[in-house]
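J.: sequence first, predicted model second:
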Amino acid sequence: MRAASIKGFETTYLNRETSAFVRRSQSEASTSDNSLSERGKALEDVFFARENANLRQRLKDTADAKQRKDAFAQATGISDDAVIARLAELNIGLDTVAALSLVPVVLVAWADGHIDEKERNAVLTAAKDAGLDRGSAGYQLLEQWLGKRPPPQLFAAWKDYMRALSATMDGEAKPSLKREVLSRARRTAEAA
């Protein structure tokens, strides 16, 4: 009888312990599942926060580019998106467009493959005559062109710019612009 009672006690004890173990395991699994679920949710939140930040930045960049294009168009009278885009690719914006008028002068100075001091001075004099301030972004861009030969795309962009600018001019303005461009280029050539 005693053996039966011990056996009954063992069975009862084992059943209770097994039940407690199962409950603990289920609780831990549930906690583990909750923990994984929470980590997954946190990672998801971080991912979408980054995606939203990237999207906001792209929208801001698009809005900024449109604003710069509109300001450029208003200041120059040029509304041709292709011309404005081509100039933007060459880092020519509203603050550097004044240097664009000096592209023929720069190219004349580079005609023999290098720029000597007389040619450099002639270009800088043309910049001063054109109203380009020494500390301006346009002047800095001009100095870059004098330090390193500009890419061929610059001349193509200048031609597009002049074509678009000419379309906004009337009467004597076009021939006057042509005379001024040729005169500056001639003075630079004569300096060499």
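T.: All right, it came through fine. From a predicted model like this one, the values you see are computed outputs, not experimental measurements.

J.: domains in the protein, by residue range?
T.: Recorded structural domains for the chain (assignment: automatic domain parsing) are 1-76, 79-191.

J.: reformat the ones you listed as CSV; add mean neighbour count and mean pLDDT.
T.: No exception for glycine: its C-beta is placed from N, CA and C like everyone else's. Output for those, formatted as CSV (neighbours: other C-beta atoms under 10 Å; pLDDT from 0 to 100):
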stretch, mean neighbour count, mean pLDDT
domain 1-76, 10, 69
domain 79-191, 16, 88
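
J.: before we move on, which element is the most centrally placed residue in the chain in?
T.: By C-alpha atoms, centre = their mean, the chain has its centre lying nearest to D61, at 7.6 Å. Assignment of secondary structure by DSSP states H and E places D61 within helix 2-76.

J.: V105 is in contact with L182, isn't it?
T.: No: counting by C-beta atoms under 8 Å, V105 stays clear of L182, with 10.4 Å between them.

J.: SS state for N91?
T.: At N91, secondary structure determined by DSSP: H, G, I helix; E, B strand; the rest coil is coil.

J.: I'd say it and Q144 touch.
T.: No: judged on C-beta under 8 Å, N91 makes no contact with Q144 at a distance of 9.2 Å.

J.: intersection of neighbour lists for the two?
T.: Among the neighbours of N91, none is also in contact with Q144 (C-beta atoms under 8 Å, 6 or more residues apart in numbering).

J.: helix, strand or coil for G171?
T.: G171 - assigned by three-state DSSP - is coil.

J.: any figure for the gap between it and L177?
T.: Look at G171 and L177: by C-beta to C-beta, to the nearest Å, they are 11 Å apart.

J.: R163 now?
T.: In terms of C-beta to C-beta, R163 sits 12 Å off from L177.

J.: so what's V103 closest to, chain neighbours aside?
T.: With sequence-adjacent residues excluded and distances taken as C-beta to C-beta, 6 or more residues apart in numbering, V103 is closest to W158, at 4.0 Å.

J.: just checking, what packs against the helix or strand hosting that neighbour?
T.: According to DSSP H and E, W158 maps onto helix 152-167. Counting contacts by 3 or more C-beta pairs under 8 Å, 6 or more residues apart in numbering; DSSP states H and E, helix 152-167 packs against helix 81-89, helix 97-100, helix 103-109, helix 173-191.

J.: try 10 Å this time
T.: Packed against helix 152-167 by the contact rule (3 or more C-beta pairs under 10 Å, 6 or more residues apart in numbering; DSSP states H and E) you find helix 2-76, helix 81-89, helix 97-100, helix 103-109, helix 173-191.

J.: could you figure out how far the next helix or strand along the chain from the fourth one is turned away from helix 173-191?
T.: Read it as helix 103-109. Moving toward the C-terminus from helix 103-109, the next helix or strand (DSSP H and E) is helix 117-129. Per axes from the mean of the first three to the mean of the last three C-alpha atoms, to 10 degrees, the angle that helix 117-129 makes with helix 173-191 is 150 degrees.

J.: many thanks, have a good one.
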